[in-house]
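Q: predicted model, plus sequence, below.
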Amino acid sequence: MVMLDTNYVLRFILRDIEEQAQTVATAIKQGAVYVRDEVLAEAVHVLENVYKQDRPTITKALTTFVSLRNITLDSKAVTIKGLRNYADTKLDYVDCLLAAFHSEKGETVLTFDKKLNNFMKRTDEESTT
């Protein structure tokens with residue numbers, strides 16, 4: 001299995017350099033490729049801050065990308081939940097991912113961040129009702 005870096009993810013999503021986008025597509029078609037959470041976090045950062053994409057657009061693009069058949073992640077459910085959290089809140093993506101680990105995997109997240117704690121508490125309450 002090979003690992004993709006952020007530039008590979010961005011070229012595939014943005015298709016701003018078509019030759020590179022095709023190289024990425026070929027790599028994905030050839031077999032399983034692994035994408036780390038850190039790579040997706042950097043992609044979110046670049047798409048938001050450099051390319052000035054809005055949260056729903058970023059979420060849609062990355063959710064479509066990670067849902068491709070040959071894309072392997074540590075946990076697709078956590079990643080997709082983190083992306084949805086990102087689209088629906090003002091929390092940064094890493095906090096959204098932490099909240100997703102909490103809700104999807106039952107992980108305890110220790111944080112001094114009141115907004116993140118409140119978000120996790122709300123989602124806990126919603127899941128029990």
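A: Here it is on my side, so go on.
Q: how close does A100 sit to T89?
A: To T89, A100 is 11 Å away according to C-beta to C-beta, to the nearest Å. All C-beta spots, glycine's among them, are computed from the backbone N, C-alpha and C.
Q: more crowded one of the two?
A: Ranked by neighbour count (other C-beta atoms under 10 Å), A100 and T89 place A100 first, with 24 against 15.
Q: name the helix or strand for that one, please.
A: helix 93-105 (DSSP states H and E).
Q: count the neighbours of E104 for me.
A: Around E104 there are 15 residues (other C-beta under 10 Å).
Q: ok, and the closest non-adjacent residue to it?
A: V78 (4.8 Å; C-beta to C-beta, 6 or more residues apart in numbering).
Q: try A61
A: The nearest residue in space to A61 (C-beta to C-beta, 6+ apart) is I13, at 4.8 Å.
Q: could you say which helix or strand contains the one you found?
A: Under the assignment here (DSSP H and E), I13 is part of helix 6-14.
Q: in that helix, what counts as buried?
A: Buried residues in helix 6-14, counted by 16 or more other C-beta atoms under 10 Å: 6, 8-14.
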